[in-house]
Structure formats: C-alpha cells, structure tokens
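Asker: Provided below are the primary sequence and the corresponding predicted coordinates.
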Amino acid sequence: MMRYIIKRVLYALPILMGINVLTFGLFFMVNSPDDMARMHLGQKHVKPTAIKHWKAQRGYDLPMFYNTHAKGTARITESLFFQKSVRLFAFDFGVSDAGRDIGSDIAQRMWPSLAIAVPVLIFGIIFNVLFAMLMAFFRSSYLDLSGVVLCIILMSISSMFYIIGGQYLFGKVLKLVPISGYNPGFDSLKFIALPVLVSIIGGLGAGSRWYRALVLEEINKDYVKTARAKGLSEVRILFHHVLKNAMLPILTGVVVIIPSLFMGSLVLESFFSVPGLGSYIIDAIGQQDFAIVRSMVFLGSILYIVGLILTDISYTLFDPRVRLK
Amino acid sequence: MKFALLWTDSCLLVVVALGVIFVGMGLRKSPMRRAFKRIISKPIAASSGIVLLFFLLIGVLDSIHTEEANKSSSVLDRIMAPVGDQYEKTYSAPIALDLFTTETMSKNGQVQQMHPRLKYPPPKMNSEALKWQFIEKALYQSLLLDGTVLLVLLLLFALYQKGVKKGARIRFSAAQISALGTLFLCLFFIFSSFAISRELHVLGTGKIGQDIFYYAVKSIRTGLIIGILTTLFMMPLALALGIAAGFFGGWVDDVIQYIYTTLSSIPGVLLITASVLSMQTYIANHPEQFTSLAQNADARLLALCLILGVTSWTSLCRLLRAESLKLREIDFVIAAKAMGTSNIKILYKHLLPNLMHIVVITLVLDFSFLVLAEAVLAYVGVGVSPMTISWGNMINAARLELAREPVVWWPMLAAFVFMFTLVLASNLFADVVRDAFDPRRAD
C-alpha cells in the first residue's frame, strides 16, 4: 500500500512539472513581462522607465531561464523561471502584482470557501441519492419518466439563473436571508444558507440522473434477484442491498473533488461576495493580476492530482475486491 | 452588394456543410440509417430536432454577412431590419409604447414628470387600445399563415402516403404528430414575434435602448459558434491522438497519455482563464493585426473556440484511446493485418467507422455544456468580447437590473429563456442520440 502511494506521488511529479512549464509558457512566453507592464500601466503614453520600474518592483526584470550575469548556481536561480515557477513546488507563491503575500491570502480565504463547499458536497450527495433512489423505486413508470425529464430540465437551466433567481426570490422578495456578504463565525450561517441551497438545486439535475443510472445498473444483478426470491421487500432491497453497492462508484467519484473543495466556486462566491478563493481568482482576473492566477492554477492542479491519488486509495478501502499493485 | 464573411462565418458554414455531407454519406450505410430511424421515431427527438433545426437556420442566416455601402450586415439583419438599428433612450418594457423611466417634460405649458414616448412605434399608434388591436391582428395573421403552411404539409404528406407508399389509410405515428405540433408552435412564435416586431419592441429595450428581442436572436449565432466550432477544433486533435495512442501503443501511447493527463489535471476554468488572459494581452498589444472592432471581436470569438477546443479534447481522446486499444485486438483488424493491409487503410476502413459512435455522442453531449459555459465565462470576464452579442454578455449586463425598483426583468429573462430553449432541445436530442448510437443500449 505504502509503496503504491509513493509510486503514485512520484508519477505525479512529471505531470506537475508539465503544468508548471505550461503555465510559465502561457504567462511569460506568449506575452513578455513588457506586455504585462503595458497592460497595467496603459497602452499609450507610458515611458520605458515606468515599465522598467514596474518590472523591477515585481521581480520581472530577470532573464527567462538563464542568467549570464550571475555566478554559480545563481545563474539558474536568478531567472524568471526559477523565481516565479519552480518556487511554486515549495508552496512559495510569492507576492501578487498588487504587492500582497499570496500564501497568507490563500490561508485566510480558504475557510469561507470550505464553509460553503463542504455543506454543498454533503447535502448535495444526500439529496441526489434520495432523488435517484426515488426514481429507481418507481422505475419504468410515468413517475420515473417525469423525474428524468425534470432532471434534464434542471440541467438545462444556466447556473447563473439559479444564483440570480435565488438572490432575487429569497433575498429581495421574501427577505429571508441577506442577498450577499459574509461574516466569520456562527454569524456566517445566514450568509451561506442561500449559496448552499442554490448550488444544491443547481447540481440536482445532473447528479441525480447519473446516480439513477448507477442504481439501475445494480438493480438487474443476481444478488438483487436472490434477495427478491428470498421475499425481501422492495424498499429493503433498494436501501439495504442496492444502495450499498451503488454507493461505491458514487463515493469514489466524490473523492476526486474533495481536495479541490478548498478552491471554492468561482461564480457562486463572487455573486454572494464571499471572500473565498473562488472570488479571489475572479478579482485577480478583473485586475489582470497574473501572479495570483498563476499560483491558483498550480494549486488547483496539485489538489486535483491529490484527489486522483485519493480516489485510487479509496477504491481499496471501499471495495475489498480491488487490490493495488 | 458583396459577401463579407467573417472568419467565424466561414468556419460555421463549412462545418454545417460538412455536417450535412457527413449525415448524407452516413445514411447510405445501413447501421447509420438504422440509428437515424431510431432517433426520428422518438417523439421527443423529433420535436427537439425541429427546434434545433430552427436555431441552426437562424444561426446560418446570421452567418452570411454581406457588405453594402461600407456597412456589413447579415441576412438575418436584413430580414429583421429595421429592428437592429432602432435605439431608444433607455429601458422600455416589452411591447410598451412609452419609456420605462420618467423624464421632466413640459406638456401643454405645464412641467411634469412623465414617461416619454418611444421612437420606434409609429405615431398613429397612439393609444393602448390601438396597440392591442395591432397585436391581435398580428397574432391572427401569423396563425392564419402558420395554419396554411401546416395544411400544405399535411396535404403533401397524405399524397406521399397514398401515392408513393400505396397505403390504404393515412396514419400518423406519435413522432410525426409531435414533430408537426412542434413545427406549428415554432412557426407561430417566429411569425408572430416577427409581425409584432414590425411596429413594437417585442421584448422591450435594454439599458442603452437596444432591442432585446434582436439581441436575443442575434445571440443564437454566438451560442451555436461556441458549441459547434469548439468541437471542430477539438475533434481532429482528439481523433488523431486518441487513435494513435491506442493503435500504435508503446512510447507514442506514453507521450500522448502524459500530454492529456497534464492538461486535464489543470482545473478547466482556470486553464481557459489563463489562456484567454494571455490571448487578450496579445490582441491588446498587437492592434495592427485587427483593423476593425468587428474583426477584433470576431478574432476573440474564434480564439475562445480554439482555447475551449484545446482544453476540452482530453476526455474524448481518453475514450477513443480505450476503444481503439480494444479494437486493435479484435478479429477483423488482426485478419486485415495478417493479409498485409497497410496501417493507414486499417485506420481508415476498420478503426474510424467503429469509433464514430463515440465521436457523435460526445459532440452532442458537449454542445449544451459549451452553450451554458459561455454565460459563466462571460461573467468571469474571459468569455467573448464585450462587443459580441451573446446571452452571456446580456446576462452579465442585466445582472444588476434586478436590484432596480421597479424591477427590470426582461433583458435577463429573454436571455435565459432563449438559452434554456436551445440547451433543453439539445439535451433532449442528445439523450436520444446517445441511446441510438450506444451499442450497449441498442434494443
């Protein structure tokens, strides 16, 4: 087991390096730091000294890969690639273009993101499974069919509609919750209630339709026929036998996104003005702060790869038939 | 008058033509014909297919741009004219005669707050009663026209059944009834909204006085381009790399697997964001390559499709690799190899036709996802150019209008309803297509 995990982590390294080089290429090769400076300072009427100053302040005045002016190892380390990209491996995110420490920003902003993402995940699974089981219980009847059609309709509505509609209905018309904002601590409950509700409803269509397919795949298997032959009730078969086996793909499908929960949701957070990592990225995009976007791309990829490794491990935990080599 | 096709225009027209040829060629083969028959025999697929065809028709009409007196406009613009050029001062409610906001005006020598009259409705339509009279007439006329079209179609159908098929009785299947019903509804919506739009703003006007109905209809093209062109860029990459990885194996497989694992490890939105930001900086710093604003916006739309394509080919590639890995070991491929058939011929004759169902299913499933994604990307600020008319931009602009008192709901709702109709139709259609093409689900 341990050997397998180590092997997987080692496999992940070249992928992370690839991501690192790719993001470096996107941000520094396609557009030179000069372009970025001009973007920030304005296209016209900008003096070369101002660009130079902007670059020097943010450490963008180094050569790309190899510094001929330095000595020894500094020839490599005193380059843009090393300073801006390689240091990400040590979770050293550096300073944003606006001059703030990205690492401490992330540490501070991940809690509001989690406060929304965790309840969404947990309640989302519960509701999706319940809805899917309900459809499976009434399978190949009109109730099932209308359930599927309802799922497709829910899937076809833009996520923006759920957010804007939710804010309008619950925030403005019914005045049950504040439209947007966030307060840390126990007070946060009234602020996260609406985002959580909105994103559960938004995910209900796609989620429960997929889970229904998983449940229906199990329902024709031999052990279900045996259970039925023994005279068990349909409810007991569904919730005791089928659910246990259907939970396997559901849970392993969920594990992959657990690490990414830190990242929060881009649109949801910025609509509800939650100071999480999702709105952090949106703000960075709005301000053209490439240092933050670059760090978040790398962080997001690491979390996703961790999720993949956890998925493989969870297979052995949930399903004794799977042995890792 | 001469044609002035934008880049995206030519791409979309080429793809639509290729699609028609592909379907036409495919129908000559019996498995494809069977799948096609299975699709159109389902009432849901017949209805959603007709809705999609109407959307496609509008998109294609809007993609044929012609230039006249230095002004480029599409065929759709000409059909809908003068709606596109009629700008009011600011908001006005659907089919209203007056502006939504009040202004201080002097009337009969008295200064008072009142809603000024819109510019577009003709002066002779000066009361609510006259307006409703006009709308009633428009609805009645379009119903009449629609009924005539349907009657002609029914007659042709009856003649076909009596004459060609020599049937004793004329009967309709459920799919045909549902298709005719949808056709009737679609035509009625098109005719009546067109008729009303001759003298009124059907869906009101937005903040800068733009006609919302015109904007919502124009957005169809943007949605279709994002949904269709992206797959155009994605498909060759996914097909070539997926088949190569599965068929040749070895180091080719390793390299391709590495590439797509790396790309798919980066969260989708972030990769798109990063690419779009670099692309925007490039366009901003090279203004000489994009002479007009329309060209600039068009280049951004095309680049967005390219980026979406490059970032989303990985899942299709993975599926194709797994399938070709399986096909490589199958008897007819081994037999072809043993008889000395060249690799190219095996790929083209044996592998490609057996992978097509995966490609078709992915295409239709991705389409609705991409149309929805456009709205989110517009909000994030990395979508189409703000110059381009799209549902995402409409929603983004209308976002704050719900906070106004009284509420301005029509720009937002129009964008959502149009988008919802397209996505729902394509989702329903995709569902049936998947069932028809998936060998595991074949009945």
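Answerer: Perfect, I can see it now. Numbering: from 1, shown residues only, chains lettered A, B, ... in the order given.
Asker: ok, how many other residues are close to the residue in the stretch 1-150 of chain B that chain A sits nearest to?
Answerer: Chain A sits closest to residue B:44 of the stretch 1-150 of chain B, with a gap of 8.6 Å, by CB to the nearest CB. (Each C-beta comes from the backbone N, C-alpha and C, glycine too.) If you count neighbours by other CB atoms under 10 Å in any protein chain shown, residue B:44 ends up with 17.
Asker: From residue A:117, how far off is the most centrally placed residue in chain A?
Answerer: The centroid of chain A falls nearest to residue A:260 when counting by CA atoms, centre = their mean (4.1 Å). Distance from residue A:260 to residue A:117, counting by CB to CB, to the nearest Å: 9 Å.
Asker: Okay, now the unreliable bits of the stretch 1-150 of chain A?
Answerer: By pLDDT under 70, the low-scoring segments of the stretch 1-150 of chain A are A:30-31, A:42-45, A:63-67, A:70-78.
Asker: Repeat that for chain B.
Answerer: Using pLDDT under 70, chain B drops low at B:1, B:165-168, B:291, B:439-443.
Asker: 50 instead, please
Answerer: B:443 (pLDDT under 50).
Asker: What separation is there between the closest residue to residue B:341 other than its chain neighbours and residue B:21?
Answerer: In space, and not counting its chain neighbours, residue B:341 is closest to residue B:349: 7.8 Å by CB to CB, 6 or more residues apart in numbering or on different chains. Residue B:349 sits at a distance of 19 Å from residue B:21 (criterion: CB to CB).
Asker: show me where the stretch 101-250 of chain B has strands.
Answerer: Here the stretch 101-250 of chain B has its strands, by DSSP state E, counting those that start in this stretch, at B:103-107, B:110-114.
Asker: Using CSV, write out every CA atom in stretch A:280-291.
Answerer: Extracted in CSV, the C-alpha atoms of stretch A:280-291 (Å, rounded to 0.1, in the frame of the first residue of the first chain):
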residue,chain,number,x,y,z
TYR,A,280,-10.0,35.7,-5.1
ILE,A,281,-9.5,34.3,-8.6
ILE,A,282,-12.3,36.4,-10.1
ASP,A,283,-10.9,39.5,-8.5
ALA,A,284,-7.4,38.6,-9.8
ILE,A,285,-8.8,38.2,-13.3
GLY,A,286,-10.6,41.5,-13.1
GLN,A,287,-7.4,43.3,-12.0
GLN,A,288,-5.2,41.3,-14.5
ASP,A,289,-3.1,40.1,-11.6
PHE,A,290,-1.3,37.2,-13.3
ALA,A,291,0.8,36.3,-10.3
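Asker: ok, back up a step: shouldn't the residue nearest to the centre of chain A be in contact with residue B:266?
Answerer: No - counting by CB atoms under 8 Å, residue B:266 is not a contact partner of residue A:260; they are 11.6 Å apart.
Asker: Overlap of the contact sets of these two?
Answerer: Residues touching both residue A:260 and residue B:266 (CB atoms under 8 Å, 6 or more residues apart in numbering or on different chains) are A:300, A:304.
Asker: follow-up on the earlier one: what count of nearby residues applies to the residue nearest to residue B:341?
Answerer: Neighbours around residue B:349, by other CB under 10 Å: 14.
Asker: The residue of the stretch 1-150 of chain B closest to chain A should be in a strand, yeah?
Answerer: No - assigned with DSSP: H, G, I helix; E, B strand; the rest coil, residue B:44 falls outside any strand and is helix.
Asker: residues touching it, list them.
Answerer: Residue B:44 touches B:178, B:428, B:431, B:432, counting by CB under 8 Å, 6+ apart.
Asker: Quick check, the third one in contact with residue A:152.
Answerer: Yes - in this structure residue B:431 lies within contact range of residue A:152 using CB under 8 Å: 6.8 Å.
Asker: Can you check the pLDDT for the residue nearest to the centre of chain A?
Answerer: Turning to residue A:260, the model gives it a pLDDT of 82.
Asker: what residues are up against the residue nearest to it when sequence neighbours are not counted?
Answerer: In this structure, residue A:260 finds its nearest non-sequential neighbour in residue A:303, 4.8 Å apart by CB to CB, 6+ apart. Counting by CB under 8 Å, 6+ apart, residue A:303 makes contact with A:259, A:260, A:262, A:263.
Asker: Kindly provide the whole-number mean pLDDT of the helix or strand where residue A:303 lies.
Answerer: Element membership of residue A:303 [criterion: DSSP states H and E] is helix A:290-318. Per-region confidence: helix A:290-318 scores 85 on mean pLDDT.
Asker: Can you get me a residue count around whichever residue of the stretch 51-200 of chain A sits closest to chain B?
Answerer: In the stretch 51-200 of chain A, the residue that lies nearest chain B is residue A:156 (4.0 Å; CB to the nearest CB). When neighbours are counted by other CB under 10 Å, residue A:156 registers 21.
Asker: Do you know the pLDDT at it?
Answerer: Residue A:156 is given a pLDDT of 91.
Asker: After the helix or strand hosting residue B:15, which helix or strand is next?
Answerer: Residue B:15 is located in helix B:7-26, with elements delineated by DSSP H and E. Helices and strands here follow DSSP H and E; after helix B:7-26, the next one along the chain is helix B:30-40.
Asker: List the contacts of the closest residue to chain A within the stretch 101-250 of chain B.
Answerer: Nearest residue of the stretch 101-250 of chain B to chain A, counting by CB to the nearest CB: residue B:223, 11.3 Å away. Applying CB under 8 Å, 6+ apart to residue B:223 gives the contacts B:59, B:371, B:374, B:390, B:391, B:419, B:422.
Asker: for the second one, helix, strand, or coil?
Answerer: Read that as residue B:371. Relying on three-state DSSP, one would call residue B:371 helix.
Asker: Next one: it relative to chain A, how far apart?
Answerer: 9 Å (CB to the nearest CB, to the nearest Å).
Asker: count of residues packed around that residue?
Answerer: So residue B:371, with other CB under 10 Å, has 25 neighbours.
Asker: cool, the third one as well?
Answerer: The number of residues packed around residue B:374, counting by other CB under 10 Å, is 27.
Asker: That one belongs to a strand, doesn't it?
Answerer: No - with three-state DSSP as the criterion, residue B:374 is helix rather than part of a strand.
Asker: Distance-wise, check it relative to residue A:312.
Answerer: 34 Å.
Asker: Next SSE downstream of the longest helix anywhere in chain A?
Answerer: Assignment by DSSP state H gives helix A:102-137 as the longest helix of chain A. Per DSSP H and E, the first helix or strand lying C-terminal to helix A:102-137 is helix A:142-156.
Asker: Of all the residues in that next one, which ones are buried?
Answerer: Neighbour counts over helix A:142-156 (16 or more other CB atoms under 10 Å in any protein chain shown) mark A:144, A:147, A:148, A:150, A:151, A:152, A:154, A:155, A:156 as buried.
Asker: Good, we can wrap up now.
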